[in-house]
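Trainee: Test case, fold it:
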Amino acid sequence: MPFYIGVMSGTSLDGIDIALIEQNTDTKLCGKLFLPMPGELRQQLLTLCSPGDNEIQRSALAEACWANLVAEGIQQLLRQQQLSASDIHAIGSHGQTIRHEPALGFTVQIGNPALLAELTGIDVIADFRRRDVAAGGQGAPLVPAFHQALFGNRPGKLAVLNVGGFSNITLLEHGSTEVRGFDCGPGNVLMDAWIQLHRHQPYDDNGSWASSGQIHQGLLAKMLSIPYFQVQGPKSTGRELFNLDWLNHQLQDFDAITAEDVQATLLELTAHCCSQALLSTQPDSERLIVCGGGAHNGQLLARLRQQLPGVTVASSDDLGAPADWIEAMAFAWLAHCFLQRIPANRPSVTGAAGLRVLGALYPA
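Mentor: Coordinates of the predicted model:
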């Protein structure tokens with residue numbers, strides 16, 4: 001059987017998704033494992049997202065810890081599925097993004113793929129983003145090609161919205177080989193940071209805290225006025241722009257605003273930038289398929305439905321594609337594409353000079 005494993009560690013830093021797929025004509029999810037991110041490792045990775053002292057050593061130690069954790073998770077998943085390392089064609093490892101600066105010509109994902117290959121005895125394909133950046137692209141988002149493979153045969157015009165730490169959208173039309181997409185802006189990153197700061201909770205379950213507040217129109221307008229939201233795609237973003245320091249700067253003019261009103265406004269920011277991404281690029285879409293952690297936020301989905309009248313907004317779960325596992329599945333699929341030498345970027349999405357085979361091989 002053509003089995004692949006995909007490993008996705010996203011900007012939310014809540015944990016690591018490991019997906020086992022069978023790749024034939026279609027992609028089938030066969031097994032899955034979630035590894036909560038240890039608190040100390042999460043803090044180490046988070047501090048690497050901004051400049052600091054002794055970064056090279058701290059990065060090397062953090063990625064070795066990350067690789068050991070992932071290797072243990074892969075071995076656990078193989079035991080669960082009664083498979084051995086020899087049954088797996090390759091591991092597609094996204095690694096952990098610590099810097100993403102395509103305007104400066106670089107993006108950095110750490111994860112020590114050589115160590116991961118050594119620990120698992122399985123070929124590892126990693127470093128998927130840098131080839132696209134080398135070709136003049138944003139290096140993100142990369143999942144639109146996989147969204148096309150999953151949903152491209154559905155009738156009509158549709159969009160796929162991935163809401164993780166950040167949000168990205170994929171625009172598809174039945175019968176067309178073209179795929180478009182770009183990063184919309186924040187997904188859960190600011191909402192998570194704010195509730196962690198004020199309520200010591202990892203995330204706002206179902207958007208319940210946000211729903212207890214009122215949208216502050218002045219704060220929303222100030223946040224939406226930044227240049228990022230005025231630029232059409234291809235574009236990508238990350239913690240380099242949207243972070244707690246950025247949010248605190250936006251709040252300087254609003255002394256009386258309550259914490260729950262900030263949370264409500266942050267949810268509205270995510271809903272607005274996602275809905276506007278669709279309305280400004282493919283307003284005649286019939287369906288918006290939502291995946292990622294944001295698919296479980298009922299308040300966010302409600303705001304999207306209100307802002308997108310005439311568009312059916314639904315979780316990918318409703319279509320048989322597990323919302324929490326699409327990204328990890330995508331990196332397993334990207335490993336398959338690498339081994340088959342199938343170009344997996346989309347220049348219309350990233351702005352790269354052309355189609356490129358993505359990734360680098362670390363043999364077991």
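
Trainee: residues near the residue lying closest to residue 257 once chain neighbours are set aside, how many?
Mentor: In space, residue 257 comes closest to residue 216 once its chain neighbours are excluded; the distance is 5.4 Å by C-beta to C-beta, 6 or more residues apart in numbering. Placement of C-beta: from N, CA and C, glycine included. The tally of other residues near residue 216 (other C-beta atoms under 10 Å) stands at 21.

Trainee: Over to residue 216: give its phi and psi.
Mentor: In terms of degrees, to the nearest 10, the main-chain angles of residue 216 are phi -90, psi 110.

Trainee: again, but for residue 184
Mentor: phi -80, psi -40.

Trainee: I'd say it and residue 277 touch.
Mentor: Yes: between residue 184 and residue 277 there is a contact at 4.3 Å, judged by C-beta atoms under 8 Å.

Trainee: who touches both of these two?
Mentor: 167, 169 (C-beta atoms under 8 Å, 6 or more residues apart in numbering).

Trainee: Which one's more surrounded, those two?
Mentor: residue 184 (27 against 24).

Trainee: and that one, what is it in contact with?
Mentor: 161, 166-169, 273-274, 276-277 are the contacts of residue 184 under C-beta under 8 Å, 6+ apart.

Trainee: Does the residue nearest to residue 190 when sequence neighbours are not counted belong to a helix, a strand or coil?
Mentor: Closest residue to residue 190 apart from its sequence neighbours, by C-beta to C-beta, 6+ apart: residue 266 at 4.8 Å. Per DSSP: H, G, I helix; E, B strand; the rest coil, the local secondary structure of residue 266 is helix.

Trainee: wait, isn't residue 266 in contact with residue 195?
Mentor: No: counting by C-beta under 8 Å, residue 266 stays clear of residue 195, with 9.3 Å between them.

Trainee: Compare neighbour counts for the two and give me the winner.
Mentor: residue 266 (28 against 23).

Trainee: so who does that one touch?
Mentor: 186, 190-191, 194, 210, 247.

Trainee: Highest neighbour count among those?
Mentor: residue 186 (30 neighbours).

Trainee: Pull the residues that contact the helix or strand containing residue 132.
Mentor: Assigned by DSSP states H and E, residue 132 falls within helix 130-134. Residues outside helix 130-134 that contact it (C-beta under 8 Å, 6+ apart): 102, 105-107, 138-139, 142, 345, 350, 352, 356-359.

Trainee: If you count neighbours, what's buried in that helix?
Mentor: Neighbour counts over helix 130-134 (16 or more other C-beta atoms under 10 Å) mark 130-133 as buried.

Trainee: That helix: what's the following helix or strand?
Mentor: helix 144-151.

Trainee: what lines up beside the lengthiest strand in the chain in the sheet?
Mentor: Longest strand of the chain, by residue count under DSSP state E: strand 88-101. Sheet pairing of strand 88-101 (DSSP bridges) gives strand 3-9 (parallel), strand 106-110 (antiparallel), strand 124-126 (parallel).

Trainee: How about exporting that strand as CSV, limited to the C-alpha atoms?
Mentor: The C-alpha trace of strand 88-101 is given here as CSV (Å, rounded to 0.1, in the frame of the first residue of the first chain):
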residue,chain,number,x,y,z
ILE,A,88,5.8,4.0,4.8
HIS,A,89,7.0,5.5,1.6
ALA,A,90,8.0,8.8,3.2
ILE,A,91,7.2,11.3,6.0
GLY,A,92,6.2,14.8,4.8
SER,A,93,7.3,17.1,7.7
HIS,A,94,6.3,20.7,7.6
GLY,A,95,8.5,21.5,10.6
GLN,A,96,7.8,24.6,12.8
THR,A,97,7.8,28.0,11.2
ILE,A,98,9.9,30.4,13.3
ARG,A,99,10.3,33.2,10.7
HIS,A,100,8.4,34.0,7.5
GLU,A,101,9.8,37.0,5.6
